[in-house]
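Asker: give me a 3D structure for the following:
(one chain, ligands or ions: 1)
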Amino acid sequence: MQTMTLNDIDVRGKRVLMRVDYNVPLDSDGAITDDTRIRASLPTVRHVLDGGGRLVLMSHLGRPTGVTESLRLKPVAARLAKLLDQQVETVPECIGDAVRRKVQSMENGDCLMLENVRFHEKEVKNDPDFARALAASGDIFVNDAFGTAHRAHASTEGVAHHMEMSVAGLLMARELTYLSRAIENPVRPLVVILGGSKVSDKIGVTRRALAIADSVIIGGGMAYTFLKSQGVPVGGSLVDEASLDFVTEVLASDRSGEGDLLLPSDHVIAEQLAAGVPTDIANEIPAGWLGLDIGPESRMRFTMAVAMAGTVLWNGPMGVFEIPEFAQGTKQIATAIADATDAGTVSIIGGGDTAAAVNVFEVEERMSHVSTGGGASLGLLEGAVLPGVAALTSKA
Ligand code: AMP
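Answerer: Numbering: from 1, shown residues only. The predicted model follows:
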């Protein structure tokens with residue numbers, strides 16, 4: 001069933017309750033250090049306001065236990081107001097009488113931001129009464145928070161069951177279109193690149209990637225579990241012992257008809273994970289040394305696979321890119337994907353660290369799509385149904 005989107009409905013005069021992902025990073029003074037998520041929501045926000053809707057925004061911020069002054073959404077509302085160049089009202093609650101009065105006084109084109117929904121522990125428990133109380137602020141529910149769509153919380157999932165109409169926002173729709181097309185009907189060859197540190201998080205994704213992709217590239221800390229299970233010396237590199245069985249099974253299974261699996265053949269190694277330490281390049285990692293980035297030969301091999309791709313899906317850095325000595329692998333793969341995109345390849349970057357990396361290496365603008373949701377994009381790739389999306393098509 002096709003998910004309805006904001007483009008399919010008329011919002012004029014309606015109270016539009018919209019879940020956004022304004023979980024922005026803050027510094028120690030509480031200042032917003034990156035407003036990408038707020039900016040990403042602007043087309044949807046403007047669409048509602050320009051269409052004469054009365055927009056009521058809700059989001060979480062951080063992981064508070066109870067009301068936490070430093071995690072109030074007022075500074076976020078102020079940033080949104082600046083970006084929109086229009087007033088964004090706030091209210092220090094997300095349910096109850098004060099909220100009802102504010103919503104009642106709204107006019108077409110007004111914007112109100114409710115308080116951090118996670119001040120209530122019932123939010124993450126997806127409590128039906130709390131969800132109903134949230135739903136009281138809207139005639140229509142719009143979910144534009146792709147970054148939290150893999151979680152069944154009251155403001156992402158439960159609320160939809162208490163609304164007459166629930167639709168996807170424009171950002172959500174764009175995410176779903178890009179990711180579903182890449183997974184279900186990709187321009188081939190499809191190359192999936194997985195990296196980062198935790199294999200356990202990516203077992204389901206690795207399995208599915210091997211089934212649907214023409215090539216699966218594994219780099220980053222994840223690769224050492226695979227290499228160890230092949231008997232390659234990995235020294236003191238990150239190894240997820242609990243995932244060794246899975247990895248051994250993947251490598252041992254008859255993979256005819258499945259995608260090629262490319263592992264790094266050389267590594268940037270060091271005796272410590274720190275900036276400024278001496279580094280070396282090795283095919284096999286000696287005892288006492290750590291593999292912290294893919295080496296030059298691996299970069300070349302991976303770059304060639306990327307250059308031939310019709311579609312690239314990338315989730316997880318190739319090394320400890322936060323430290324310059326170990327950033328080259330991630331930088332070169334990011335650049336290779338951007339170059340391929342310039343030449344017509346469809347490139348999709350999973351959120352989180354990978355989105356941060358393409359930003360650091362200044363190739364973000366050249367990618368076809370940079371997802372705002374790390375966990376949610378992995379969930380889709382894994383074949384999971386995202387609760388925040390499923391709720392948009394079902395009625396209680
Ligand atoms: P994840 O949360 O699983 O996506 O992992 C992201 C993190 O993996 C980044 O912060 C990287 O610094 C880290 N990482 C990448 N490669 C390595 C490696 N070879 N050893 C240790 N950590 C790594």
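Asker: please pull up the helix or strand immediately following whichever strand or helix holds A338.
Answerer: Element membership of A338 [criterion: DSSP states H and E] is helix 328-342. The first helix or strand that comes after helix 328-342 along the chain, using DSSP H and E, is strand 346-349.
Asker: note down every partner strand of that following strand and its orientation.
Answerer: Strands adjacent to strand 346-349 in the sheet, as given by DSSP bridges, are strand 311-315 (parallel), strand 369-370 (parallel).
Asker: quick one: which of these is nearest the ligand?
Answerer: If you check each of the strands paired with strand 346-349 against the ligand by Cβ to the nearest ligand atom, strand 311-315 wins as the nearest, at 7.3 Å. Heads up, the C-betas are built off the backbone N, CA and C, glycines and all.
Asker: quick one: the closest one to helix 328-342, angle?
Answerer: With axes from the mean of the first three to the mean of the last three Cα atoms, to 10 degrees as the criterion, the two stretches strand 311-315 and helix 328-342 enclose an angle of 150 degrees.
Asker: show me which residues of the stretch 151-300 of the chain sit near the ligand.
Answerer: Near the ligand, the residues belonging to the stretch 151-300 of the chain are G196, S197, K198, D201, G220, G221, L238, G291, L292 when assessed by Cβ under 6 Å from any ligand atom.
Asker: and those, which are buried?
Answerer: Of all these considered here, the ones buried according to neighbour count by 16 or more other Cβ atoms under 10 Å are G196, S197, D201, G220, G221, L238, G291, L292.
Asker: pick the one among those closest to R19.
Answerer: D201 (24.3 Å; Cβ to Cβ).
Asker: spatially nearest residue to that closest one, not counting backbone neighbours?
Answerer: Distances taken as Cβ to Cβ, 6 or more residues apart in numbering put L378 closest to D201, at 7.4 Å, once the chain neighbours are dropped.
Asker: which ones are touching that neighbour?
Answerer: Applying Cβ atoms under 8 Å, 6 or more residues apart in numbering to L378 gives the contacts D201, K202, V205, N315, G350.
Asker: same thing with T279?
Answerer: If a contact means Cβ under 8 Å, 6+ apart, then T279 has V268, I269, A270, L292, E325, F326 as its contacts.
Asker: got the phi/psi numbers for it?
Answerer: The phi and psi values for T279, taken as degrees, to the nearest 10, are phi -130, psi 160.
Asker: partners of it in the sheet?
Answerer: Once the bridges are assigned, which here means DSSP bridges, T279 pairs with A270.
Asker: between the residues of the stretch 151-300 of the chain next to the ligand, which is nearest E157?
Answerer: Minimum distance to E157 across these is 21.6 Å, recorded for D201 (Cβ to Cβ).
Asker: that closest one in helix, strand or coil?
Answerer: The three-state label given to D201 by DSSP: H, G, I helix; E, B strand; the rest coil is helix.
Asker: could you check how far it is from S237?
Answerer: With the distance defined as Cβ to Cβ, to the nearest Å, D201 ends up 18 Å from S237.
Asker: can you check the pLDDT for the closest residue to A209 other than its chain neighbours?
Answerer: Using Cβ to Cβ, 6+ apart and skipping residues adjacent in sequence, the residue nearest A209 is V192, 4.1 Å away. According to the predicted model, the pLDDT of V192 comes to 97.
Asker: who's in contact with whichever residue of the stretch 251-396 of the chain sits closest to the ligand?
Answerer: Nearest residue of the stretch 251-396 of the chain to the ligand (Cβ to the nearest ligand atom) works out as V320 at 3.9 Å. Residues near V320 by Cβ under 8 Å, 6+ apart: G221, L273, L292, D293, F326, A327.
Asker: tell me which element it falls in.
Answerer: When secondary structure is defined by DSSP H and E, V320 falls outside every helix and strand.
Asker: which pLDDT does the model give it?
Answerer: At V320, the model reports a pLDDT of 97.
Asker: next one: it from F361, what distance?
Answerer: Taking Cβ to Cβ as the criterion, V320 is separated from F361 by 14 Å.
Asker: single out the residue in this protein that lies closest to the ligand.
Answerer: Among residues of the chain, the one nearest the ligand by Cβ to the nearest ligand atom turns out to be G196. It sits 2.6 Å away.
Asker: can I assume that residue is in contact with Y224?
Answerer: No. Contact between G196 and Y224 fails when scored by Cβ atoms under 8 Å: they sit 12.0 Å apart.
Asker: strands of the stretch 1-150 of the chain, start to end?
Answerer: Defined through DSSP state E, counting those that start in this stretch, the strands belonging to the stretch 1-150 of the chain, from first to last, are 15-19, 54-58, 89-90, 111-113, 140-143.
Asker: any chance of the ones you listed in TSV, plus distance to the ligand?
Answerer: Putting these into TSV (distance: least, Cβ to the nearest ligand atom, whole Å) gives the following:
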stretch	distance to the ligand
strand 15-19	24
strand 54-58	27
strand 89-90	33
strand 111-113	30
strand 140-143	25
